[in-house]
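> Pasted the sequence and its predicted model underneath.
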Amino acid sequence: PEVTPERVHVSIIDTPSGDAGAEALDEELRNASVVVLVYDVSRPATLERVSSYWLRKLHDMGLRVPVTLAGNKMDLRTSETEARALESLIKPIMEEHRELEVCIECSAKQIFNVAEVFYFAQKSVLHPTAPLYDVGSHTIKPRAVAALTRVFRLCDKDLDGELNDTELNDFQYQCFNVMLKDEELTGVKTVVKENSPSGVSRNGGVTLSGFVFLHTLFIQKGRLETTWTVLRRFGYDDSLRLREDYVGLEKLSNLQPDQIVELAPAGSAFLNSMFDASDADKDGFLSDAELAQLFAPHPERPWASTDKAVRYHALDKAKGEGFMSRTAFLQRWRMHLVDDPQGALLSMVYLGLPSERACDAILVSKSRRRERRAAQSARRDTLVVSVLGGATSGKTELVRGLVGLPFGASDSKAGKSAGAARDVQVDPAFGGGTKTLVMISVPESQTSAFVSSQSNLESCDVAVLVYDASVPQTFEDTARLYQILAASRPSLPIVFVASKSELPAAKQSVPRDSLPARARSKLDAAGAAATGASGAATTAAAAAATGASSGGGGDQAHASDNDTVDPDEFCALLGIPEPQRISMKTGDTASIYEMLVGVALNPEIASSAKELDGSAAGTYAARSLQMLAVVAGVGLVAYGGKKLYDRFVKPSPASHL
C-alpha cells in the first residue's frame, strides 16, 4: 500500500512466530527497513513476549531499525479497564526499548487502524524519531540542535541573531513553497512566546531558542515530517550529517598526494566574518566559550585533540590559555586543510558557508613538478614539513616551538602526532612575502608506515630528521632513515637537526661501509688523491729524516680515520646542509624555521636527486650553503666540507719541503 504523501512502495513480509523457519526469519529481519511487532490485546501474555523474546532477539542480532508495536484484535476487548491495564504494561517497554517508535492498536477483523499501522511504520523510516528526539528524557538531541542551529544561521541573512518576518517567510517558502499570512506569523510567535520566553526578541523576531522550540513542538506533536523536510532541504541525511552530493566536493575528488589545498580569498573572507561574528566582546580573540558557540552547528567539535594527534596554535602572552587570535584561527584552518581537506571544507559548510559556493573557498595547487615551472606568485603558499626522529629526540618541542609555545609544557603523549602552523617571512632573494609553514611530527611507532608510503612522502615539501646530539650514536639511526627516504623519493629535501645542543655533545659517527655508494666513491677518490699527492712530493731525504716508523703510524691513523665519518662529513659527502644545531630549551633555534621555508622553496639545496662528483660537489655545496645562509639569516659555514678538504685535499707539510 502507498499510505504516505511520499508514495513510497512498501513490501510487507509476514513471518512465523514459532521456531520453524528460523533461518528464513533472520534473513527477512536483516533485510527489513522497519519491523512491526504484533500482539493480541486480549491476551497480555503476548505483550510480555514482545519484550522478553522479540525485542531481545532484535537486539541480539544487532539490528538498528525502527520498531512499531501494534496491538491487534481490539474487537475482542470487553472493557476500558483492560485497556488501562495494558497501557501500564506498554509504558515501561517503550521507555526501555528506544527503538520503539510508536504503539498503536487496531482490529484486522474490522479493518480499523490497519492502514494507520503501516502509515506509522513507513513514517518511522522516512521521518525517524531516534536521530531527533530522546523519548526517555523528552528532549531534542544535541545533534538535531546543531543541525537546526546551522539552518537558523543560514536563514538569518542580516546576522542579527533573530529571524524577522521576511526571513521567516523566505525560510517557509524555501522549505514548503508557501508563504505565511500575517495572522499565521503572529500565531506562531504567540505559541513560542508562551512556552519559551526567550524565543521571541523585543523586536518581534524569532530567536534560535524559539526556532529550536518550534521544531521540538513539531516532533512532540508527531509532525516529524515537518522537521525532516527542513533538514533534508538543507542537505542532511538520516544521521544528521551533510550529504556529499549537497556539499559538492568534486574539486577534491582527484587530489594527488603532491598537491596542497589552501584557503582562497573567498574562504579567508568567510572565516574572517565568522571570527568577527563570534567575537562577542570584540577584543580580537576568541575565548573557549566563543569558539564553542562558533562551532555550535557542527555535529562534533573539529580540531579536537584525539588519541592519535594533537595540534597546537600560538598563544597570546597577555591572554594566555583559552584564547585564540585571528591569525592563529586562520593558521589553524590552514592546518585543518592539510590534515583533512574534505573534512575542513565540510566544516566550513557546517559553519554557514553556502554549499553552492563551497569550492570557491579553496584553491588546489598544481602538482609539485608543474609548479616548479610556474611563476613564483603562482606557487603554493602552504609548505608542509614532516618531522621524524626517536621518541626522545625532541621533535615535539621543535613543532611546538614553531608557534612559540614554552619548552617542557607539552601535553603530547608518546604515539601522538604533533602539529603546528605559522606564517614565516620569506627572504627577498626568494620572492619575499610570507609562507604558511605546517610542521607535523611522525610518531616513532609510525615511522616505518610513513616511509613505506609513497603518498606520505609525496605530501611533504621537506623531511626533517631529528636526533639527540647529547646521546651517543643517535645520528647513526637517523642516517639509516635518511638513506631509506632518499631511496624512496630522491627529490625529497632532507634536513638533519641536532637537538639539545645545550647539553655536552656526544660522539656521533656513521660507519664508512654504511655510506651510500656514491658517497663512498667520492671518499675513496678524495683519499687516493691525497695519498698520491703526498707520495710524489716526499723526497727520499725527507723520508729518512722523518723515519719509517713515523710514516707507518701516519698511514695507520689515516686508515683508522676512514672507518667512520661524523655527521658534518656525512652531509658534506651527500651535498646537503650539515646538521642544524638547536636548543629548544634555551630558545636557540638557529633560525631553523626560516631555513626550512628556504629549503622547501629551493629543494635542490637538500635533495639527493643529483649525482655529484669531483669539483661539482664542492661547487654545489658552496652554492647551497650560500643560499642557506641567506635564508636562515645566519653565517652557515661549510664545516663538513672544510673537514673533508683538510683531511684529503689540503697539501701536507711534507709536500712543501
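Great, that's in hand.

> looking only at pLDDT, what's the mean for stretch 265-282?
Average pLDDT, stretch 265-282: 96.

> can you check stretch 187-202 too?
On average, stretch 187-202 scores 94.

> Please apply the same query to stretch 229-249.
Taken as a whole, stretch 229-249 carries a mean pLDDT of 92.

> likewise stretch 122-129?
In this model, stretch 122-129 has a mean pLDDT of 88.

> where does this structure dip in pLDDT?
The model of the chain has pLDDT under 70 over residues 1-6, 17-20, 374-378, 410-414, 526-562, 610-657.

> Would you mark the buried spots in the host helix or strand of Met348?
In this assignment (DSSP states H and E), Met348 forms part of helix 341-350. In terms of neighbour count (16 or more other C-beta atoms under 10 Å), helix 341-350 has its buried residues at Pro341, Gln342, Ala344, Leu345, Leu346, Ser347, Met348, Val349, Tyr350. Quick note: C-beta positions are derived from backbone N, CA and C, even for glycine.

> pretty sure the fourth one contacts Ala361?
Yes: with contact defined as C-beta atoms under 8 Å, Leu345 counts as touching Ala361 (6.9 Å).

> With distance to Ile219 added, can I get the buried residues of helix 341-350 in TSV?
Output for those, formatted as TSV (distance: C-beta to C-beta, whole Å):
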residue	distance to Ile219
Pro341	36
Gln342	31
Ala344	32
Leu345	31
Leu346	26
Ser347	27
Met348	29
Val349	25
Tyr350	22
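
> Going by distance to Arg326, which of those wins?
Met348 (16.2 Å; C-beta to C-beta).

> how far away is the closest one from Leu242?
Met348 is 11 Å from Leu242, where distance means C-beta to C-beta, to the nearest Å.

> quick one, what contacts Ala328?
His313, Ala314, Leu315, Val403 (C-beta atoms under 8 Å, 6 or more residues apart in numbering).

> How many residues are close by the nearest residue to Arg98 once chain neighbours are set aside?
Leaving aside its sequence neighbours, Arg98 sits nearest to Val135 (C-beta to C-beta, 6 or more residues apart in numbering; 6.0 Å). Val135 sits with 15 neighbouring residues when counted by other C-beta atoms under 10 Å.

> now Val135: how far from Phe275?
Val135 sits 39 Å away from Phe275, going by C-beta to C-beta.

> Am I right that Arg422 sits in a strand?
Yes: checked against DSSP: H, G, I helix; E, B strand; the rest coil, Arg422 lies within a strand.

> my guess is it meets Val403, correct?
Yes: Arg422 lies in contact with Val403 (C-beta under 8 Å); the separation is 5.4 Å.

> between these two, which one's more packed in?
Arg422 (23 against 19).

> what about the more buried one, distance to Asn602?
20 Å.

> Report whether Gly408 is found in a helix, as I expect.
No: with three-state DSSP as the criterion, Gly408 is coil rather than part of a helix.

> ok, and the closest non-adjacent residue to it?
Lys585 (7.5 Å).

> Spit out the contact partners of that neighbour.
Phe407, Gly408, Lys500, Glu502.

> tally of neighbours for the first one?
A count of nearby residues for Phe407, using other C-beta under 10 Å, gives 14.

> Can you verify my assumption that it contacts Glu397?
Yes: proximity of Phe407 to Glu397 meets the contact threshold set by C-beta under 8 Å, at 6.0 Å.

> anything in contact with each of the two?
The contact lists of Phe407 and Glu397 share Met584, where a contact means C-beta under 8 Å, 6+ apart.

> Pull out the buried members of the contacts of Lys585.
Lys500.

> and which of the contacts of Lys585 is nearest Arg223?
Gly408 (57.9 Å).

> And for Ile12, the neighbour number?
By the criterion of other C-beta under 10 Å, Ile12 has 8 neighbours.

> Which residue is the nearest non-sequential neighbour of it?
That would be Phe118: by C-beta to C-beta, 6+ apart, it lies 7.3 Å from Ile12.

> Also Lys500?
Nearest one to Lys500, counting by C-beta to C-beta, 6+ apart, is Ser470 at 4.8 Å.

> what helix or strand does the one you found sit in?
Under DSSP H and E, no helix or strand contains Ser470.

> so it makes contact with Lys507?
No: with contact defined as C-beta under 8 Å, Ser470 does not count as touching Lys507 (10.9 Å).

> who's more crowded, these two?
Set side by side, Ser470 and Lys507 show more neighbours around Ser470, with 16 against 9, by other C-beta under 10 Å.

> show me the contacts for the more buried one.
So Ser470 contacts Lys500, Leu503, Pro504, Ala505, Ala506 (C-beta under 8 Å, 6+ apart).

> at 6 Å instead, please
Residues near Ser470 by C-beta atoms under 6 Å, 6 or more residues apart in numbering: Lys500, Leu503, Ala506.

> ok, back up a step: so how far is Thr447 from the residue nearest to Gly408?
Using C-beta to C-beta, we find Lys585 at a distance of 24 Å from Thr447.

> what do you get for Leu163?
Using C-beta to C-beta, Leu163 is found at 53 Å from Thr447.

> do the same with Asp60
Relative to Thr447, and taking C-beta to C-beta, Asp60 is found at 43 Å.

> Comparing those two, which shows the higher neighbour count?
When Asp60 is set against Thr447 and neighbours are counted by other C-beta under 10 Å, the residue ahead is Thr447, at 15 against 8.

> Mind listing what's buried along the host helix or strand of that one?
Thr447 belongs to helix 447-451 when elements are defined using DSSP H and E. Residues Phe450, Val451 are the ones in helix 447-451 that count as buried (16+ other C-beta under 10 Å).

> what's the answer for stretch 476-494, then?
Glu476, Thr478, Ala479, Leu481, Tyr482, Gln483, Leu485, Ala486, Arg489, Leu492, Pro493, Ile494.

> hmm, back to that, elements contacting the helix holding Thr447?
The contact analysis (3 or more C-beta pairs under 6 Å, 6 or more residues apart in numbering; DSSP states H and E) places helix 447-451 against no helix or strand.

> So what touches the helix or strand following it?
Where DSSP H and E defines the elements, the next helix or strand beyond helix 447-451 is helix 454-459. Applying C-beta under 6 Å, 6+ apart, the contact partners of helix 454-459 are Pro257, Asp258, Phe450, Ser488, Arg489.

> list the buried ones in helix 454-459?
So for helix 454-459, counting by 16+ other C-beta under 10 Å, buried means Asn456, Leu457, Glu458, Ser459.

> Could you tell me which strands the helix or strand that that helix is followed by is paired with, and in which direction each runs?
From helix 454-459 onward toward the C-terminus, using DSSP H and E, the following helix or strand is strand 462-468. Sheet pairing for strand 462-468, assigned by DSSP bridges, gives strand 382-389 (parallel), strand 494-499 (parallel).
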